[in-house]
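Asks: Kindly generate the corresponding structure for this input.
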Amino acid sequence: MGAFHSVPDDHQYRMLSEKTGFSLEQIGILHNRFKQLSSNSDVLRRDNLNTIPDLACNPIRAQIVEAFFDRRNIQKDGEGPLQEIDFEEFLTVMSYFRPPSVHMTEEQREEIRRAKLRFLFNMHDTDNDGTITLEEYRHVVEELLSRSGSLGKETAKGIADAAMLEVASISMGRMGPDEYYAGITFEHFLKILKGIEIETRMHIRFLNMDTTVLCK
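Replies: This is a model prediction of the structure:
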């Protein structure tokens, strides 16, 4: 755990700002939300997130909640999921949902896109074996397309089904009866999602706070 206690000071805020890209004002807002969610505790647990009404109807609520306790998303050593996280770790995960700044270079945008896709991949690679199944990939595509607002749910589902079949034909090709399909790796995941814009579609709501507004 980090060394952040009840009220981070200005120096701590600046350190977090450099690490996550949030402004000092945004970090202050998120810290208030963290304290509300944790009932004024210095750590957050799954039960705190499972009670959020805004997440109740989200089809991937379980994956979102688990993402906050996934060591891979906060670069924490060890095995197995975390049982609790502090504010710095909470903020690190929230930064994956933050839209890119309009002032970023193409190189910075590409770096953020890769980080977001890694986060998305980790959400569906639940057993941490470095691959996701075709069905899990279909769910990823459907979720991203349905969030665009321009496609209906059934249309998004149809496109996702077609995308899954296309990936299957490319990845598996002609397989022998004794061959085993291991799944989609992260590098392959990057290639097959190359044409899908995800930078502004990954957002969630916490206590009526939309992450889409957390952009400089």
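Asks: Now do the helices in this protein.
Replies: In the chain, the segments counted as helices under DSSP state H are 10-20, 24-37, 46-50, 53-56, 61-67, 87-94, 106-124, 134-146, 153-172, 186-192.
Asks: what's the last one packed up against?
Replies: With contacts defined as 3 or more CB pairs under 8 Å, 6 or more residues apart in numbering; DSSP states H and E, helix 186-192 has these neighbours: helix 106-124, helix 153-172. (Glycine included, C-beta is placed from N, CA and C.)
Asks: got the buried residues for the first one?
Replies: Spelled out, it's helix 106-124. 112-113, 116-124 (16 or more other CB atoms under 10 Å).
Asks: can you give me the angle that helix makes with helix 87-94?
Replies: Per axes from the mean of the first three to the mean of the last three CA atoms, to 10 degrees, the angle that helix 106-124 makes with helix 87-94 is 100 degrees.
Asks: can you redo the helices of the chain as TSV with mean pLDDT and distance to Glu79?
Replies: Formatted as TSV, the helices of the chain follow (pLDDT from 0 to 100; distance: least, CB to CB, whole Å):
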stretch	mean pLDDT	distance to Glu79
helix 10-20	86	24
helix 24-37	91	26
helix 46-50	91	18
helix 53-56	76	27
helix 61-67	87	15
helix 87-94	94	17
helix 106-124	87	15
helix 134-146	69	22
helix 153-172	61	29
helix 186-192	82	20
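Asks: Out of these, the one nearest Pro100 is which?
Replies: Among the helices of the chain, the nearest to Pro100 by CB to CB is helix 106-124 (5.1 Å).
Asks: For the closest one, name the packing helices and strands.
Replies: Taking 3+ CB pairs under 8 Å, 6+ apart as the contact cut, helix 106-124 packs with helix 61-67, helix 134-146, helix 186-192.
Asks: CA atoms of it as PDB?
Replies: The C-alpha trace of helix 106-124 is given here as PDB (Å, rounded to 0.1, in the frame of the first residue of the first chain):
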ATOM      1  CA  GLU A 106       0.400  11.100 -31.300                       C
ATOM      2  CA  GLU A 107       3.100   9.100 -29.500                       C
ATOM      3  CA  GLN A 108       1.400   9.800 -26.100                       C
ATOM      4  CA  ARG A 109      -2.000   8.900 -27.500                       C
ATOM      5  CA  GLU A 110      -0.600   5.600 -28.800                       C
ATOM      6  CA  GLU A 111       0.900   4.900 -25.400                       C
ATOM      7  CA  ILE A 112      -2.400   5.600 -23.700                       C
ATOM      8  CA  ARG A 113      -4.300   3.500 -26.200                       C
ATOM      9  CA  ARG A 114      -1.900   0.500 -25.600                       C
ATOM     10  CA  ALA A 115      -2.300   0.900 -21.800                       C
ATOM     11  CA  LYS A 116      -6.100   1.000 -22.100                       C
ATOM     12  CA  LEU A 117      -6.100  -2.100 -24.300                       C
ATOM     13  CA  ARG A 118      -3.900  -3.900 -21.800                       C
ATOM     14  CA  PHE A 119      -6.300  -2.900 -19.000                       C
ATOM     15  CA  LEU A 120      -9.200  -4.200 -21.100                       C
ATOM     16  CA  PHE A 121      -7.400  -7.400 -22.000                       C
ATOM     17  CA  ASN A 122      -6.600  -8.000 -18.300                       C
ATOM     18  CA  MET A 123     -10.300  -7.600 -17.400                       C
ATOM     19  CA  HIS A 124     -11.100 -10.500 -19.600                       C
END
